[in-house]
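Chemist: The sequence and its predicted three-dimensional model are supplied below.
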Amino acid sequence: MSVSVEIRDLYIAFGSGPAAVKVLPGVSFKVKAGECFGLVGESGSGKSTVLRCISLLTDFWKGEVLIDGRSVRDLALIERCRMLQMVFQDPYGSLHPRQSVRTVLHEPLVIHGLGDREERMQRAITDVGLPVEFLDRFPHQLSGGQRQRVAIARALILEPSLLLLDEPTSALDVSVQAEILNLLQRLRDERGFTYIMVTHDLAVVDHMCDRFAVMLRGEVTEILPHEAIAVNGATHPYARELIGASLDYEGIR
Amino acid sequence: MDKTILDVQNLRIRYAGSPTEAVRGVSFTLGRERLGIVGESGSGKSTVGRALLRLLPGASITADRLRFEDLDLLALKEREMLKVRGRRMSMILQDPKFSLNPIRRVGDQVAETYLRHFKCSRREAHDKTIAMLEAVKIRDAERVFKQYPHEISGGMGQRVMIAMMLLADPDLVIADEPTSALDVTVRLQVLTILDSLVRDRGIGLIMISHDLNLVRNFCDRVLIMYAGNVVETLKASELDQAQHPYTQGLLAAQPRIGGPRQPLAVLDRKPEWLKEQA
Ligand SMILES: Nc1ncnc2c1ncn2[C@@H]1O[C@H](COP(=O)(O)OP(=O)(O)OP(=O)(O)O)[C@@H](O)[C@H]1O
Ligand SMILES: Nc1ncnc2c1ncn2[C@@H]1O[C@H](COP(=O)(O)OP(=O)(O)OP(=O)(O)O)[C@@H](O)[C@H]1O
Ligand SMILES: [Mg+2]
Ligand SMILES: [Mg+2]
């Protein structure tokens, strides 16, 4: 099943009184059902915050987040978890230190009453390129990239329609990144998953995304098709600068 | 004067309770240069870095030689190691937020590193910290100083770690994925700061990174690691002429701007790569 996402005037501030910081003053964008939508931009501009708001990990925002036309606030928790899953930027923080990989993957299956558990866990772990023996490891016994792959496996095991991916591959070597990106692409082709993907790598955006938004200080400066990267077709000065720097970085100009 | 900062010969590391070695005979030397380490996820890159700082409790570490400047790192007592760690040799860890104390303000933690290594007033340490956060291009440094680790973004966390390292003014820096969460513009600014440490202060820099563009453009030499071994050492500028099939596979797996949107090339990992030694 494919779902669309619409964000309207998403507003959030942290702190209160005069010290409050408006992190997102009013973000709006639409993602089509089955689309891969990129979020790029300045470090600290609010990309992770947007994903946290959509998934209701942070819930004191104003505005609207509609998933297939329904407010995310109207979805029951259990339904929301089946519908959307998030892969966090910081894999260490998102895995419980005392839970083995098996527990991490098993728990969601139990909560959602899914069968064939052993089989699903084995498929999830091999899909992200890890041996089945890793089910019995704990987070501190994994390298940075292995932890990230466990986090991806956990998000995929419920087969959600919408995946929010916060730099899913920046901790992986490019050969493992290629496997994960191919897997995400395949799932999208086969099952129509919708992705919102935060990354700093515009080559990944060009490879994976249909369109992407460029963020600066909490605002979306411009939304562009992926083809705009290679020719630097941006018009907003910051978006132009960012794409230009990425082309230089890749040695393309 | 000897230009070698670090001399590692036949380094082997086994984690407690693990049947196999995570690092299986790594050798390299480091001068006043920028050495990149690239390699498979799980190949032992972070383990090598942590072993140099002796941050692997319970693991067994052996080597024919493990020298840092005038010190034999294997023979050093923990008490002596305390004077080296952070001050003369510093590591920027891969998980910045995990390495910060979650219940203390970010700025206080950075200022404390400075106070630990240098005699000065709290005020001075505060001012130094703010200046350093600004140097690594953190907007609104006074606000970030007062935030807790969970309140800062991924890229801000990486820059806090870099600021902490810079304040200690070490001779050897091991940077484990220091810039992966930074946008390209800020990344280049931070790399310029690291670069000037090597050029102007003559430090040695080890850059562990998955970013092939970074390693190619920013490092002098590159070690390629696979399953606990160094399989290849290259001049960074000659990365594209790599001979080892793992390195060649990495280069082929990289998505490129304007490239075809077909599935990316994946590696066919060969069992014989495990046995090789370079
Ligand atoms: N809980 C919080 N309390 C206070 N400020 C916060 C909180 N969470 C986020 N912020 C602030 O919101 C801003 C945006 O953070 P966010 O993590 O969304 O950035 P980002 O675009 O993901 O950056 P990066 O690319 O570095 O990960 C930052 O200035 C951050 O300090
Ligand atoms: N405490 C531990 N106990 C047992 N095995 C461990 C422990 N820590 C790490 N390992 C294993 O040692 C190997 C090397 O880990 P290391 O963290 O050095 O990899 P890495 O090259 O830094 O990978 P990445 O690029 O994913 O960060 C991995 O296979 C990992 O699973
Ligand atoms: Mg972020
Ligand atoms: Mg590592």
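Modeler: Right, received. Where do you want to start? Ligands and ions are numbered 1, 2, ... in the order given.
Chemist: Residue of the stretch 1-150 of chain A nearest ligand 4, please.
Modeler: In the stretch 1-150 of chain A, the residue found nearest to ligand 4 is residue A:144; the distance is 4.1 Å by Cβ to the ion. Heads up, the C-betas are built off the backbone N, CA and C, glycines and all.
Chemist: Need the phi and psi values for that residue.
Modeler: phi -60, psi -50 (degrees, to the nearest 10).
Chemist: any idea what sits nearest residue 128, other than its immediate chain neighbours?
Modeler: Picked chain A for this. Spatially, and ignoring its direct neighbours in sequence, residue A:128 is nearest to residue A:149 (4.0 Å; Cβ to Cβ, 6 or more residues apart in numbering or on different chains).
Chemist: The chain in question should be chain B.
Modeler: residue B:114 (5.5 Å).
Chemist: what helix or strand does the one you found sit in?
Modeler: If you go by DSSP states H and E, residue B:114 is part of helix B:106-117.
Chemist: Tell me if that helix is near ligand 1.
Modeler: No. On the criterion Cβ under 6 Å from any ligand atom, helix B:106-117 is out of touch with ligand 1, staying 9.7 Å away.
Chemist: for the chain, which spans come out with low pLDDT?
Modeler: Picked chain A for this. Within chain A, the stretches with pLDDT under 70 are A:91-93, A:252-253.
Chemist: Sorry, I should have been clearer: chain B.
Modeler: B:1-2, B:275-278.
Chemist: Around ligand 2, pick out the residues from chain B.
Modeler: So far as Cβ under 6 Å from any ligand atom goes, chain B lies against ligand 2 at B:15, B:18, B:22, B:39, B:41, B:42, B:43, B:44, B:45, B:46, B:47, B:94.
Chemist: make it 8 Å
Modeler: B:15-18, B:22-23, B:39-50, B:56, B:58-59, B:94, B:176-177, B:208, B:210, B:225, B:228 (Cβ under 8 Å from any ligand atom).
Chemist: of the residues you listed, buried ones?
Modeler: By neighbour count, with 16 or more other Cβ atoms under 10 Å in any protein chain shown, the residues of chain B next to ligand 2 hold B:15, B:22-23, B:39-50, B:56, B:59, B:94, B:176-177, B:208, B:210, B:225, B:228 as buried.
Chemist: Cross those against strands and list the overlap.
Modeler: Cross-referencing these against strands under DSSP state E gives B:23, B:39, B:176, B:208, B:225.
Chemist: For the residues you listed, name the two members farthest from one another.
Modeler: Among these, the pair separated by the greatest distance (Cβ to Cβ) is B:23 and B:176, at 14.6 Å.
Chemist: ranges for the strands of chain A?
Modeler: Going by DSSP E, chain A shows strands at A:5-14, A:21-31, A:36-41, A:62-67, A:70-71, A:84-87, A:162-166, A:194-198, A:211-216, A:219-225.
Chemist: Reformat those as JSON lines; add mean neighbour count.
Modeler: What follows is the strands of chain A, written out as JSON lines (neighbours: other Cβ atoms under 10 Å in any protein chain shown):
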{"stretch": "strand A:5-14", "mean neighbour count": "18"}
{"stretch": "strand A:21-31", "mean neighbour count": "18"}
{"stretch": "strand A:36-41", "mean neighbour count": "25"}
{"stretch": "strand A:62-67", "mean neighbour count": "16"}
{"stretch": "strand A:70-71", "mean neighbour count": "12"}
{"stretch": "strand A:84-87", "mean neighbour count": "24"}
{"stretch": "strand A:162-166", "mean neighbour count": "25"}
{"stretch": "strand A:194-198", "mean neighbour count": "25"}
{"stretch": "strand A:211-216", "mean neighbour count": "24"}
{"stretch": "strand A:219-225", "mean neighbour count": "19"}
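Chemist: what about the residue nearest to residue A:128, how many neighbours?
Modeler: Neighbour count for residue A:149, taken as other Cβ atoms under 10 Å in any protein chain shown: 31.
Chemist: residue of the stretch 101-250 of chain B with the smallest distance to ligand 1?
Modeler: At 2.6 Å from ligand 1, residue B:155 is the closest residue in the stretch 101-250 of chain B, using Cβ to the nearest ligand atom.
Chemist: What residues does the residue nearest to that residue when sequence neighbours are not counted make contact with?
Modeler: Closest residue to residue B:155 apart from its sequence neighbours, by Cβ to Cβ, 6+ apart: residue A:43 at 2.9 Å. If you count contacts by Cβ atoms under 8 Å, 6 or more residues apart in numbering or on different chains, residue A:43 has them with A:200, B:153, B:154, B:155, B:156, B:159, B:181, B:182, B:183, B:186.
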